[in-house]
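S.K.: Quick one, structure for this:
(one chain, ligands or ions: 1)
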Amino acid sequence: MSTLKPEVLIIGAGPGGYVAAIYAAKKGKSVILLDGKWIGGTCLNEGCIPTKALVKSSELYSDLINGEKHGISAKDIKIDFEKVIDNKNQITEKLVSGIKFLLNRYGVKVIEGYGTFLNDKQVKVSENEEDYIIEAKNIIIATGSKTKHLPIKGINLKNVFDSGSILNNTKLPSSLTVIGGGIIGMEFAFIYAQLGVKVNVIEFLPRILPTVEKDVALRLVRFAKQLDIDIYTSSAVEKIEESAEGLKIVYKRKDKQEELISEYVLEAVGRGPNIDKLGLENTGLEYDERKGVSVDSHMRTNIENIYAIGDVTNIIQLAHVASHQAIVAIDNINGGKKEMNYDIIPSVIFTNPPIATVGLTEEACKEKGIEIEMVKTPFSANGKALILESETGFIKLIRDKLTKKLIGATIFGKEAENLVASYGIAISNKLDAEQIKETVFAHPTIQELVHESVLGLDKEAIHFVD
Ligand SMILES: Cc1cc2nc3c(=O)[nH]c(=O)nc-3n(C[C@H](O)[C@H](O)[C@H](O)COP(=O)(O)OP(=O)(O)OC[C@H]3O[C@@H](n4cnc5c(N)ncnc54)[C@H](O)[C@@H]3O)c2cc1C
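M.R.: From the prediction side, this is the model:
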């Protein structure tokens, strides 16, 4: 048994942990990074990156079969789903090996093993049958989240997948029922529907995407219908059974029992903090199986020199939040005073079209009693949006009526994931419309809508009636 004494020990190598490791090493700290499963965490291996590789493949297929109006028609377009999955794997592997290179380049010692607290000061880990005790000056817990499962009969049947296992399945089914109309569920619904699979979505709540503004979520439902995605809201799945036609999904809707048949089922009912194997019971840390590890805005736990970041804190389950929390934690370890501000976190749903939000929504402003001015800018006011066939999109831009500062934007339309960055910079730097009006945007780009939307706030829009 060897004892190691780094300045920083990080448990978990996802976008929280690996970012903390590289950043700390670049700031001159000696760093040990542990991961029992893989470098890159959920995000690179089973989350953000692999799903977006599938989004690209499914949109490519959809564009090809719908190319007629561009005068482009192709015959015999086929899907080789094994290759689709292989392409996704290659992207993931490339990214993971890039992270490994960087960790090595900056002198981070990586130990492939699960870390377990023995007490507040010591963590035990085993690698290749060698045991280590690590006594670090500072410890960062970055063990992420794990999939939640429904306690229902049939959830373990063959062909019932979760968001991790479905990513390695190489057979394209004829039909798929997604349980859960949240972000992950809706992204998979669009991926499979665009690949020609008959998709159903069963959602417990009265509407899909409960975290998104109602009018935006309802607009997405129209696009789902065009892809023949059937959505059953206010419906609770009770059991899944095998039948001669496929999997029978029995659910209750308005007190009536109904059923659907499909070849595959995807369970996408959320994720909870992962504290398995961590041995938190051996420490004095404040934590909860459901809420994760408690932290303050500096990412400090209740025990001095122990920090927690990312999904395990269960604050916002997004990769960029985990990575930013990593920077905040390392800054505090280095004697700084950085704090997390969760008010201006962008969030993107990669459906087709995508949805992006940053800052406050109209609904949130109402709840908080903030007086606002809002403009809804149509994508039809933009040449590039027409080229991208996204003229039905829109941006809801909100400013505080009193301070005149921009405080929120919700975007529904192609390239929403990129557009949201401009609004994020504006809102976090407390800009007002006047400052953006003086910025020149290249033509023809979707970004011109940023300009148009701030003009619209003052009834100065050129390309639409405000
Ligand atoms: C299908 C899907 C799609 C997603 N898409 C997006 C997206 O588009 N954009 C976005 O921002 N977010 C997305 N997310 C969420 C994103 O993946 C997470 O928010 C992010 O990975 C959290 O990072 P993390 O570092 O906290 O944890 P993780 O990425 O979960 O990493 C935690 C790591 O800790 C390791 N670990 C756990 N316990 C121990 C232990 N005791 N010892 C050592 N190692 C341990 C695990 O093996 C894991 O590698 C998606 C998630 C899913 C499931």
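
S.K.: Check the gap between Gly36 and Asp458 for me.
M.R.: Separation of Gly36 from Asp458 (CB to CB, to the nearest Å) stands at 55 Å. Every residue, glycine included, has its C-beta placed from N, CA and C.

S.K.: mind checking pLDDT for the residue of the stretch 101-250 of the chain found nearest the ligand?
M.R.: Residue of the stretch 101-250 of the chain nearest the ligand, by CB to the nearest ligand atom: Gly144 (2.1 Å). Gly144 carries a pLDDT value of 98.

S.K.: what's the answer for the one 3 residues further on, then?
M.R.: Among the per-residue scores, Thr147 shows a pLDDT of 97.

S.K.: What residues are bridge-paired with it?
M.R.: On the basis of DSSP bridges, Thr147 is bridged to Arg271.

S.K.: tell me the contacts of it?
M.R.: Listed by CB atoms under 8 Å, 6 or more residues apart in numbering, the contact set of Thr147 reads 162-164, 267, 271.

S.K.: hmm, try it at 10 Å
M.R.: 42, 46, 162-165, 184, 267-272, 274 (CB atoms under 10 Å, 6 or more residues apart in numbering).

S.K.: picking up where we left off before, neighbour count winner among Gly36 and Asp458?
M.R.: Taking other CB atoms under 10 Å, Gly36 and Asp458 do not tie; Gly36 has more neighbours (19 against 15).

S.K.: can you pull the contacts of that one?
M.R.: Taking CB under 10 Å, 6+ apart, one finds 11-13, 111-116, 125-127, 143, 276-277 in contact with Gly36.

S.K.: ok so, going back, out of the contacts of Thr147, which end up buried?
M.R.: Among the contacts of Thr147, the ones that count as buried by 16 or more other CB atoms under 10 Å are 42, 46, 162-163, 184, 267-269, 271-272, 274.

S.K.: would you turn those into a markdown table with pLDDT?
M.R.: As requested, the buried ones among the contacts of Thr147 are exported to a markdown table (pLDDT from 0 to 100):
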| residue | pLDDT |
| --- | --- |
| Thr42 | 98 |
| Glu46 | 97 |
| Asp162 | 98 |
| Ser163 | 98 |
| Ile184 | 98 |
| Glu267 | 98 |
| Ala268 | 98 |
| Val269 | 97 |
| Arg271 | 97 |
| Gly272 | 97 |
| Asn274 | 98 |
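
S.K.: among those residues, which are in reach of the ligand?
M.R.: 42, 163, 184, 274 (CB under 6 Å from any ligand atom).

S.K.: Do a quick rundown of the helices in the protein.
M.R.: Secondary structure of the chain (DSSP state H): helices at 17-26, 41-46, 48-65, 81-105, 183-194, 214-226, 319-333, 362-368, 383-387, 416-428, 433-437, 448-457.

S.K.: Nearest to Leu176, out of these?
M.R.: Relative to Leu176, the nearest member of the helices of the chain by CB to CB is helix 183-194, separated by 5.0 Å.

S.K.: so what secondary structure elements neighbour the closest one?
M.R.: Identification of packing neighbours for helix 183-194 by 3 or more CB pairs under 10 Å, 6 or more residues apart in numbering; DSSP states H and E yields helix 48-65, strand 175-179, strand 198-202, helix 214-226, strand 230-232, strand 264-267, strand 347-349.

S.K.: Quick one: mean pLDDT for the third one?
M.R.: Think strand 198-202. Strand 198-202 carries an average pLDDT of 98.

S.K.: Centre of the chain to that strand, how far?
M.R.: Its chain's C-alpha centre and that of strand 198-202 lie 21 Å apart, by CA atoms, centre = their mean, to the nearest Å.

S.K.: now swap in the fifth one and tell me
M.R.: A distance of 23 Å separates the C-alpha centroid of strand 230-232 from that of its chain, computed with CA atoms, centre = their mean.

S.K.: And the residue lying closest to Ala25 once chain neighbours are set aside, how far from Tyr23?
M.R.: Distances taken as CB to CB, 6 or more residues apart in numbering put Tyr106 closest to Ala25, at 3.9 Å, once the chain neighbours are dropped. Tyr106 is 9 Å from Tyr23, where distance means CB to CB.

S.K.: Equivalent analysis for Ile231, please.
M.R.: Look at Ile231 and Tyr23: by CB to CB, they are 42 Å apart.

S.K.: same check, this time on Ile387
M.R.: Distance from Ile387 to Tyr23, by CB to CB: 40 Å.

S.K.: who has more neighbours, those two?
M.R.: Using other CB under 10 Å as the criterion, Ile387 and Tyr23 rank with Tyr23 on top: 20 against 12.

S.K.: Am I right that the more buried one is in contact with Ala329?
M.R.: Yes - at 9.1 Å, Tyr23 and Ala329 qualify as touching, with contact defined as CB atoms under 10 Å.

S.K.: shared neighbours, the two?
M.R.: Common neighbours of Tyr23 and Ala329 (CB under 10 Å, 6+ apart) are Val8.

S.K.: Find the closest residue to the ligand in the stretch 201-350 of the chain.
M.R.: Here the stretch 201-350 of the chain gets closest to the ligand at one residue, Gly310, 2.1 Å apart by CB to the nearest ligand atom.

S.K.: okay but that residue is in contact with Val328, surely?
M.R.: No - Gly310 is beyond contact range of Val328, at 11.5 Å (criterion: CB under 10 Å).

S.K.: what about those two, which has more around it?
M.R.: More crowded of Gly310 and Val328, by other CB under 10 Å: Gly310, with 39 against 23.

S.K.: who's in contact with the more buried one?
M.R.: Counting by CB under 10 Å, 6+ apart, Gly310 touches 12, 14-17, 19-20, 41-43, 140-145, 273-274, 292-293, 299, 316-319, 321-326, 329.

S.K.: Give the buried subset of these as a PyMOL selection command.
M.R.: Buried members of the contacts of Gly310, defined by 16+ other CB under 10 Å, are picked up in PyMOL with:
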select buried, resi 12+14+15+16+17+19+20+41+42+43+140+141+142+143+144+145+273+274+292+293+299+317+318+319+321+322+323+324+325+326+329
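
S.K.: For the one residue sitting closest to the centre of the chain, give its distance to Arg222.
M.R.: By CA atoms, centre = their mean, the chain has its centre lying nearest to Leu318, at 4.8 Å. Distance of Leu318 to Arg222, computed by CB to CB: 26 Å.

S.K.: Over to Gly181?
M.R.: 15 Å.

S.K.: more neighbours, those two?
M.R.: Gly181 (28 against 9).

S.K.: what sits opposite the nearest residue to Arg219 once chain neighbours are set aside in the beta ladder?
M.R.: The shortest distance from Arg219 to any non-neighbouring residue, by CB to CB, 6+ apart, is to Phe412 (5.9 Å). Phe412 has the following beta-bridge partners by DSSP bridges: Ile355, Phe394.

S.K.: For the protein, what lies in contact range of the ligand?
M.R.: 11-17, 34-38, 41-43, 47-48, 51, 114-115, 142-145, 163, 184, 274, 277-278, 310-311, 317-320, 322.

S.K.: and the residue nearest to Arg219, how many neighbours?
M.R.: Phe412 has 27 neighbours, counted by other CB under 10 Å.

S.K.: roughly how far apart are it and the ligand?
M.R.: Separation of Phe412 from the ligand (CB to the nearest ligand atom, to the nearest Å): 17 Å.
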